[in-house]
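Sequence first, predicted coordinates after that:
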Amino acid sequence: MSINRRQFISTSCVAVTAAAPFHSAFAATQLNLADVLPDGNFMVQNARKYAEAVEKATAGDIVINLRPGGSLGFKGPEQMRAVRDGLVPMADILTSQQIGDEAMFGTEGIPFLVASQSELRSLHKFLRPEFDKLATKFNQKILYMVPSPAQYMFLKVKVGTADALKGIKIRGADKNTVDICNAVGMAGVIIPFGELIPALASGRVDGVATSATTGVDAKFWEFLKYVYPTNHTWSCNMVNINLDSWKKIAPAQQKAMEDLAAKMEPDFWEVSAQADRDSIKKLTENGMELVPVSAAMMGDIRKSAGGLQQEYLQRVPAAAPIVKQYLTSLGRA
């Protein structure tokens, strides 16, 4: 998509706002929210619940319009830039896909650093303030963050050792994931969600490292057979708003939006955990097989990826003190 077309999209959003029906004496503020995920995904459903709550709390003065499925033309790695440049006022943004613009956004996904949602919350105590600063640098504000569910490897073949993974062409959504796959000897490639199904259908890849919810969204059972719970990395989606759009919102409405985000975020985290459980059930009901990963196989995978944590911290030194604080809080420093 050309920049001219994106400028047209942005201009169209403004035009829609100007033409919006009146609530009392003033027109409602209409805010498009771009999302690359399909309409049925739990992240989109969370955003819709938030939008409905905001509209109710502001008596219809703030209307957030969900635009799922990449319908505004932005790919995942472009979402943060689109908000920064005002091409869309809001977006649901996967942090790990923004590392090309800011490497620090990959910190959650340091291989095997985080083992659970509980540990991710501990990391966020130290990391979230830094993310808030980075968002401001990119002319936006984080309203809330929600973790992707646990991570798996989805393959066509059944394997029982790390050596059997070697040479398999596998897709990852971000660099950290691909680095892990390559460390094990797989042939990893970064592919955005919007290009994933064609890649599977064409045989460009023979596996995917991602969440079970993505597996359901893409109907992996049509292409793949086996599910391996490796939980190799974590990442979050953040719902951000452009600061220029934010400053045009009245202080009372800003507070309502912030209060709702803070109130609803914990529930959204639980939705993510439940979505993982529900998605695994749906994948297996459609014929996929959940294969336990043996301690020996997982040990070999971790050993192969062992140097990636230090490599990341050398590449992104600003993350080192945050990771140290986090590990110290868990007694793992």
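Perfect, thanks for sending it.

what residues are up against the residue nearest the centre of the chain?
In the chain, the centroid-proximal residue (C-alpha atoms, centre = their mean) is Leu94; its distance is 2.9 Å. Shown in contact with Leu94 (C-beta atoms under 8 Å, 6 or more residues apart in numbering): 76, 79, 148, 173-174, 235-237. For the C-beta atoms, the positions are set from N, CA and C on the backbone; glycine is no exception.

Ok, Lys49 next?
Contacts of Lys49 by C-beta under 8 Å, 6+ apart are Met264.

helix or strand for it, which one?
Per DSSP states H and E, Lys49 falls inside helix 42-57.

partners of the helix or strand following that helix in the sheet?
The helix or strand immediately downstream of helix 42-57 is strand 62-67, counting by DSSP H and E. If you go by DSSP bridges, strand 62-67 pairs up with strand 29-34 (parallel).

How about residues contacting the strand it pairs with?
Here strand 29-34 makes contact (C-beta under 8 Å, 6+ apart) with 13, 16-17, 20, 47, 51, 61-67, 70-72, 74, 79, 82, 88-92, 239, 241, 245, 248-249.

For it, the averaged confidence score.
For strand 29-34, mean pLDDT rounds to 98.

Helix 42-57 and that one, what's the angle between them?
Calculated by axes from the mean of the first three to the mean of the last three C-alpha atoms, to 10 degrees, strand 29-34 forms an angle of 180 degrees with helix 42-57.

Can I get strand 29-34 in CSV? Just the C-alpha atoms.
Output in CSV follows, covering the C-alpha atoms of strand 29-34 (Å, rounded to 0.1, in the frame of the first residue of the first chain):
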residue,chain,number,x,y,z
THR,A,29,-15.3,12.0,18.6
GLN,A,30,-14.9,9.1,16.3
LEU,A,31,-11.6,7.1,16.7
ASN,A,32,-10.8,4.2,14.3
LEU,A,33,-8.8,1.4,16.0
ALA,A,34,-6.8,-0.7,13.5
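
sorry, back to before: just the buried ones among the contacts of strand 29-34, please.
Among the contacts of strand 29-34, the ones that count as buried by 16 or more other C-beta atoms under 10 Å are 13, 17, 47, 51, 61-64, 66-67, 70, 72, 74, 79, 82, 88-92, 239, 241, 245, 249.

which residues in this structure form strands?
Secondary structure of the chain (DSSP state E): strands at 22-23, 26-27, 29-34, 62-67, 90-94, 140-147, 151-155, 169-172, 187-190, 207-211, 226-228, 236-242, 289-290.

Looking at Phe193 now. What's its pLDDT?
pLDDT, Phe193: 86.

now do Ala25
41.

Repeat that for Asn4.
Predicted confidence (pLDDT) for Asn4: 48.

quick one on the thing from earlier: okay, the angle between the helix holding Lys49 and strand 236-242?
Using the same axes, to 10 degrees: helix 42-57 against strand 236-242 is 40 degrees.

Go through helix 42-57 and flag the buried ones.
Buried residues in helix 42-57 (16+ other C-beta under 10 Å): 42-48, 50-51, 53-55, 57.

Run through the bridge partners of the residue nearest to the centre of the chain.
When bridges are called by DSSP bridges, Leu94 pairs up with Asn237.

before we move on, back to that, can you put the buried residues of helix 42-57 in JSON lines and add pLDDT and distance to Leu123?
JSON lines is the format used below for these (pLDDT from 0 to 100; distance: C-beta to C-beta, whole Å):
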{"residue": "Phe42", "pLDDT": "95", "distance to Leu123": "21"}
{"residue": "Met43", "pLDDT": "96", "distance to Leu123": "20"}
{"residue": "Val44", "pLDDT": "97", "distance to Leu123": "25"}
{"residue": "Gln45", "pLDDT": "97", "distance to Leu123": "25"}
{"residue": "Asn46", "pLDDT": "98", "distance to Leu123": "21"}
{"residue": "Ala47", "pLDDT": "98", "distance to Leu123": "23"}
{"residue": "Arg48", "pLDDT": "98", "distance to Leu123": "27"}
{"residue": "Tyr50", "pLDDT": "98", "distance to Leu123": "23"}
{"residue": "Ala51", "pLDDT": "98", "distance to Leu123": "28"}
{"residue": "Ala53", "pLDDT": "98", "distance to Leu123": "27"}
{"residue": "Val54", "pLDDT": "98", "distance to Leu123": "28"}
{"residue": "Glu55", "pLDDT": "98", "distance to Leu123": "33"}
{"residue": "Ala57", "pLDDT": "98", "distance to Leu123": "30"}
